[in-house]
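Could you look at this predicted model? Sequence included:
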Amino acid sequence: MIVMILDNLSEAEPNVNASMLNELMLSGVPELAAKHALVNTGNVSGETAIYWYFEHMEDPSLLQPLAKIKKVENSKHTEENVGKIMEFGFSREQAIFGLSNTVSKKYKD
């Protein structure tokens, strides 16, 4: 039998790239809508997020707070882990974002 054990879980707002958030807000996108756009596009780029926003700007859910996600406190942002993810072609920032939004799992027989 496999039992999943999750350690150090807390609920938090999803991470958004601060510089991209600022870029969107300077372009006139409201802060909460900008956060939704960044989360829904995976913080890939400000340009991608602003296109997403314009396609969804009439959606009333953009006025709602972001859904909380379960996050692991003290996530393992080691250089080794970041480097492994970057080997797949992701940027450093994307690797750290991914690690901070990943739930750590331990399995026990």
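Done, it's in.

For residue 98, see how far away the residue nearest the centre of the chain is.
In the chain, the centroid-proximal residue (Cα atoms, centre = their mean) is residue 15; its distance is 4.2 Å. Per Cβ to Cβ, to the nearest Å, residue 15 is found 10 Å from residue 98. Backbone N, C-alpha and C define where each C-beta goes, glycine included.

sorry, back to before: which of the three states applies to the residue nearest to the centre of the chain?
The assignment at residue 15 comes out as coil when based on DSSP: H, G, I helix; E, B strand; the rest coil.

Now do the phi/psi pair for it.
Residue 15 adopts backbone torsions of phi -70, psi 140, taken as degrees, to the nearest 10.

where's it relative to residue 85, distance?
Taking Cβ to Cβ, one finds residue 15 at 15 Å from residue 85.

Identify the residues contacting the residue nearest to the centre of the chain.
Going by Cβ atoms under 8 Å, 6 or more residues apart in numbering, residue 15 touches 43, 97, 100-101.

please redo it, this time with the cut-off set to 6 Å
Taking Cβ atoms under 6 Å, 6 or more residues apart in numbering, we find residue 15 in contact with 97, 100.

Please tell me how far it sits from residue 96.
9 Å.

One more: residue 87?
15 Å.

Which one of these two is surrounded by more residues?
Set side by side, residue 87 and residue 96 show more neighbours around residue 96, with 18 against 9, by other Cβ atoms under 10 Å.

Could you report the distance from that one to residue 19?
Counting by Cβ to Cβ - residue 96 and residue 19 are separated by 14 Å.
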